[in-house]
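*Asks:* give me the fold of what follows.
(2 chains)
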Amino acid sequence: MYPLLLVRYGELSLKGRNRKTFEDLLVTNMRARLADLPHGRITRTFGRIYLETKDNWADLAQRLQGVFGIVSVSPVLRRNLDVDHIKEGATLIIKDTPGHTFKVEARRPNKAFPLTSPELCNTLGGHLLQSFPHLTVDVHKPDFVVNVEIRQEGAFLYSRVIPCLGGLPAGSSGKGLLLLSGGIDSPVAGFLSMKRGVSLEGLHFYSYPFTSERSKAKVVELASLLAPYNVRGSLKLWIAYFTEIQKALQQTAYPTLSITLMRRFMMRIAARLAEREKAFALITGDSLGQVASQTMESIHVINAVTTTPVFRPLIGMDKQEIIDLAGKIGTYETSILPYEDCCTVFVPRNPATKPRLDQVLQAESELDVDALVSEALAKTELLVIS
Amino acid sequence: MRNEIYLDNSATTPVDEGVVQAMEPFWTIQYGNPSSPHTRGVAAENTLKSSRKQLGDLLQVNPAHLYFTASGTEANNMALQGVANTPYFLRQPGHIITTPIEHPSVLKVVGHLEERGWSVSYLDVDGFGRINPQQFAALVKPDTKIVSVMLVNNELGTIAPARELGTIIERENRERQHKIVFHVDAIQALGHIPFKIPELKAQLCSFSGHKIFGPKGIGLLYADRQTGLRPIMFGGGQEDGLRPGTENIPAIVGLTKAVQLVIDNFDANLQQLKELRQALVDGISTIPNSRINSPADGAPHLLNASFPGIRGEVLVHFLEQKRIFVAMGAACSSKKKGASHVLESIGLGQDQILSAIRFSLAPTITLDQIAYVVYSLKETVEEIRNIYM
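*Replies:* This is a model prediction of the structure:
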């Protein structure tokens, strides 16, 4: 029934001279997200985007609900510039919108139209009140608003407003490298980074044969669930060869520090890869105090290996909040598959919650840190997930 | 010869070449539905009849008491739920005796029946999963209606004294109007230990195709209709109304051929399996701090062993790099977190449970291969222990 979708974006319009770049990126991401659905042209006017539908506005709207940067969408009717046609359209709109109170809002960029905006509001309001006895007008807090825009190309009518994710278009804020485990948290951290415009790449640490091939398949699955939110709907996933480091860590004289040491190796590898890939930030799923490696003391010691900014979007979230969000994103079901990853196979009985940097440095002095990091990077493979 | 040593035959077996050949014509040439009135259908019906007849001869039972299912799990479900679905038991649930080390396709059904009002007794098992017939005799109560045991345990290879249980049940049944129904899960037993259904005195007995070099997707239930067994699925009336659904003729032919092969070659296979198992036992006993969890008198194709300090899963992945495939605990439990219910039931410590792996042999394996397995195992265990120390 609706030939058009009106796409609203929020903060983009504040971005001054960058606005065009941001809009281009949003449209690119939209096209990637809609690639397999039939649709018509995507056009831009007056700080809005219009998408032509092919009798499938609901499917398209649902897809756009997964594109960062879009605040809301509305299905739009189009009528000829004729009062009777506009009345008929408004009637259809009312039938398709739940609620008891309404108001009409009209805009008239096309001044050639004979009625002024207030006149049009009055005419339509009167017509609708007559046609639908159960409705009343409320200009302050209406259940819904019937919007009419009189433009050169015709009259555009809509009332439904479908809320979307908001945020900034993925890719508008630069590249970030997500440390992606098979757990619940890191995919959510990746999601929230993309929400603020990060162009995401993933890095997984693979410890086969200490973990199984299925644990890698699980991470690939998680990456494929995140990819649609990313720039152009695709995501680079780096699989770092971590086995030798795990073996080396099991030999250290400080078993309670093994998790801290392991995390420091992960950070080093991530920072080196980020530099190579021109990513300006690392992203982790840390939530303060959740486990031993996520106490402030641990984070401090782990972070000390790099000057690259580390984003921790979940730092203030409770586990349940993270789980709820993972459920909404759709990653939760995959995250809870029981395959071991390196974080579960190698957890010592009593990991240190307050590791000390001097001890950590002492433990690392027994290891050829640079050689281990270089080897892991050299054996890192790249998967492009889309 | 493929360049791998597959020691996970209790999870599933490769299909025997002879079985593949036997099935071949039934995909594209003799593809008929036995229920069809035309020649194609009649040919399929004849194949079905002759397969059933042949299986009856091989298993020494009345072929009319054999029902084809889609899996061993389905056969177990059909047996236990089928009895519990008789009108008498629907009104008045009774008492079940089973063991804590059954396959989930029995334990979960028993758990379900418990929710429906049945009471359940689990026989004690010793450190090797063995049950005691005297304890069983003492547990039999007037309202005991179903007994279910696994003839060969799928994780340990422990052989249940089913014949003795059958004798006790038969004696008990003489004075009863409502007989006790005896179900034997023989899925891991067929082809591995000598037994005959009539000697077990079981009214219900389950089998599966893909554990004996037959195809997947086919199981078999021997069921004495005197038990009053009811269907658990409803449909077109195939299999005497007990198991509806168009008969899977290729798989039925494959199962029949597979059963014939394991019975025809039983003595030679048994000899080979025993030698392989002994070589494996001898080899493992030279690995420090290792423990054989299977009983010495267990089934010849199965050996469960623990290597404390090493996760079974890690050992599985290290060995697979050497093209040796083994199972951790039991294949059915390894996708779940938490330990094997069987190994817990026999009182193993957490370290032994987490470090357990299962070797399940096939007669096609050679002693040379076992020597290589032992060598690799020893090397791997040492390597991993060095990493973790």
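*Asks:* how about the helices in the stretch 151-300 of chain A?
*Replies:* A:185-195, A:213-226, A:243-250, A:258-277, A:296-303 (DSSP state H, counting those that start in this stretch).
*Asks:* tell me which of those sits most buried.
*Replies:* helix A:185-195 (a mean of 26; mean count of other Cβ atoms under 10 Å in any protein chain shown). Any C-beta I mention is one placed from the backbone N, CA and C, and that applies to glycine too.
*Asks:* how far does it sit from its chain's centre?
*Replies:* Helix A:185-195 has its C-alpha centroid displaced from the chain centroid by 7 Å (Cα atoms, centre = their mean, to the nearest Å).
*Asks:* quick one: list the elements packing against that helix.
*Replies:* strand A:175-179, strand A:199-206, helix A:213-226, strand A:281-283, helix A:319-329 (3 or more Cβ pairs under 8 Å, 6 or more residues apart in numbering or on different chains; DSSP states H and E).
*Asks:* if we go to 6 Å?
*Replies:* Applying 3 or more Cβ pairs under 6 Å, 6 or more residues apart in numbering or on different chains; DSSP states H and E, one finds that helix A:185-195 makes contact with helix A:213-226, helix A:319-329.
*Asks:* what's the angle from that helix to helix A:213-226?
*Replies:* Going by axes from the mean of the first three to the mean of the last three Cα atoms, to 10 degrees, helix A:185-195 is angled at 20 degrees with respect to helix A:213-226.
*Asks:* tell me which residues are up against helix A:185-195.
*Replies:* A:68, A:167, A:170, A:176, A:178, A:180, A:200, A:222, A:226, A:229-230, A:283, A:285, A:313-314, A:322, A:325-326, A:329, A:331 (Cβ atoms under 6 Å, 6 or more residues apart in numbering or on different chains).
*Asks:* tell me the mean pLDDT for that helix?
*Replies:* The average pLDDT for helix A:185-195 rounds to 97.
*Asks:* let's see the pLDDT reported for the residue of the stretch 151-300 of chain A found nearest chain B.
*Replies:* Closest approach between the stretch 151-300 of chain A and chain B, counting by Cβ to the nearest Cβ: A:Pro209, at 3.3 Å. Here the pLDDT value assigned to A:Pro209 is 88.
*Asks:* residues contacting it?
*Replies:* Residues near A:Pro209 by Cβ under 6 Å, 6+ apart: B:His317, B:Phe318, B:Gln321.
*Asks:* how far away is it from B:Glu4?
*Replies:* Computed as Cβ to Cβ, to the nearest Å, the A:Pro209 to B:Glu4 distance reads 16 Å.
*Asks:* what residues does the stretch 101-250 of chain A put near chain B?
*Replies:* Counting by Cβ under 6 Å from any Cβ of the partner chain, the stretch 101-250 of chain A comes close to chain B at A:Pro209, A:Phe210, A:Ser212, A:Lys247, A:Gln250.
*Asks:* what sits up against stretch B:51-66?
*Replies:* B:Lys196, B:Ile197, B:Tyr222, B:Ala223, B:Asp224, B:Ile252, B:Val253, B:Thr256, B:Val259, B:Gln260, B:Ile263.
*Asks:* mind giving me the ChimeraX command for buried ones among those residues?
*Replies:* Here is the ChimeraX selection string for the buried members of the contacts of stretch B:51-66, based on 16 or more other Cβ atoms under 10 Å in any protein chain shown:
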select /B:197,222,223,224,252,253,256,259,260,263
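*Asks:* Serialize the contacts of stretch B:51-66 to JSON lines and add fields for distance to B:Ser340, pLDDT and secondary structure.
*Replies:* Formatted as JSON lines, the contacts of stretch B:51-66 follow (distance: Cβ to Cβ, whole Å; pLDDT from 0 to 100; DSSP: H, G, I helix; E, B strand; the rest coil):
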{"residue": "B:Lys196", "distance to B:Ser340": "31", "pLDDT": "95", "secondary structure": "coil"}
{"residue": "B:Ile197", "distance to B:Ser340": "29", "pLDDT": "96", "secondary structure": "helix"}
{"residue": "B:Tyr222", "distance to B:Ser340": "28", "pLDDT": "98", "secondary structure": "strand"}
{"residue": "B:Ala223", "distance to B:Ser340": "30", "pLDDT": "97", "secondary structure": "strand"}
{"residue": "B:Asp224", "distance to B:Ser340": "33", "pLDDT": "95", "secondary structure": "coil"}
{"residue": "B:Ile252", "distance to B:Ser340": "33", "pLDDT": "98", "secondary structure": "helix"}
{"residue": "B:Val253", "distance to B:Ser340": "35", "pLDDT": "98", "secondary structure": "helix"}
{"residue": "B:Thr256", "distance to B:Ser340": "33", "pLDDT": "98", "secondary structure": "helix"}
{"residue": "B:Val259", "distance to B:Ser340": "29", "pLDDT": "98", "secondary structure": "helix"}
{"residue": "B:Gln260", "distance to B:Ser340": "33", "pLDDT": "98", "secondary structure": "helix"}
{"residue": "B:Ile263", "distance to B:Ser340": "31", "pLDDT": "97", "secondary structure": "helix"}
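*Asks:* quick one on the thing from earlier: export the helices of the stretch 151-300 of chain A as CSV, with columns for distance to A:Gln290.
*Replies:* Converted to CSV, the helices of the stretch 151-300 of chain A look like this (distance: least, Cβ to Cβ, whole Å):
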stretch, distance to A:Gln290
helix A:185-195, 8
helix A:213-226, 19
helix A:243-250, 21
helix A:258-277, 13
helix A:296-303, 11
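*Asks:* lowest-confidence stretch among those?
*Replies:* Averaging pLDDT over each of the helices of the stretch 151-300 of chain A puts helix A:243-250 lowest, since it has a mean of 89.
*Asks:* just the CA trace of that one, in CSV.
*Replies:* Provided in CSV are the C-alpha atoms of helix A:243-250 (Å, rounded to 0.1, in the frame of the first residue of the first chain):
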residue,chain,number,x,y,z
THR,A,243,48.5,-22.1,20.4
GLU,A,244,52.3,-21.5,20.9
ILE,A,245,51.6,-18.6,23.3
GLN,A,246,49.2,-20.8,25.3
LYS,A,247,51.9,-23.5,25.5
ALA,A,248,54.5,-21.0,26.6
LEU,A,249,52.2,-19.5,29.2
GLN,A,250,51.5,-22.9,30.8
